[in-house]
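[1] okay, predicted coordinates and the sequence, questions at the end:
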Amino acid sequence: MEAKGGQKQHSNSGIMKLRRKNNTALKMIKRKRARRAGQEGSRRCTMIEKKVRTLKKLIPNAGSSVGLDGLFRETAEYISNLEMRVKIMQAVVNALSKS
């Protein structure tokens with residue numbers, strides 16, 4: 001092809017091919033990142049589930065509680081009971097050490 005002034009005009013096909021290759025590469029990278037993000041989300045979910053199972057093992061009667069709310073309520077009550085036991089034991093130790 002000739003442009004004004006008798007100069008040859010370069011075809012854009014080479015540039016277009018390069019752009020298509022770059023776009024394809026970008027799409028592949030984006031897909032890979034999206035897959036990784038999905039895997040991280042499922043990993044995070046699995047870690048949380050594992051921690052919830054561990055908490056259920058630590059708290060008495062927590063296996064019967066319904067849902068996370070129940071588990072957290074049972075946990076709070078259990079911690080309160082433990083604190084009360086510690087206070088009672090401290091009082092007993094203080095009373096016995098004075099006599």
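    Everything's here; your move. Numbers count the residues shown, from 1 in each chain.
[2] low-confidence stretches in this structure?
    Low-confidence segments of the chain, defined by pLDDT under 70: 1-11, 38, 40, 65.
[3] which strand or helix spans E49?
    Taking DSSP states H and E as the definition, E49 sits inside helix 13-58.
[4] state the distance from the most centrally placed residue in the chain to K50.
    Ranked by distance to the mean C-alpha position of the chain (CA atoms, centre = their mean), the top residue is R44 at 3.3 Å. Separation of R44 from K50 (CB to CB, to the nearest Å): 11 Å. For the C-beta atoms, the positions are set from N, CA and C on the backbone; glycine is no exception.
[5] which residues do these two both contact?
    Common contacts of R44 and K50 (CB atoms under 8 Å, 6 or more residues apart in numbering): none found.
[6] which helices and strands sit right next to the helix holding E49?
    Helix 13-58 is packed against helix 67-98, with contacts defined by 3 or more CB pairs under 8 Å, 6 or more residues apart in numbering; DSSP states H and E.
[7] the helix it packs on to helix 13-58, inter-axis angle?
    Orientation of helix 67-98 against helix 13-58 (axes from the mean of the first three to the mean of the last three CA atoms, to 10 degrees) gives an angle of 40 degrees.
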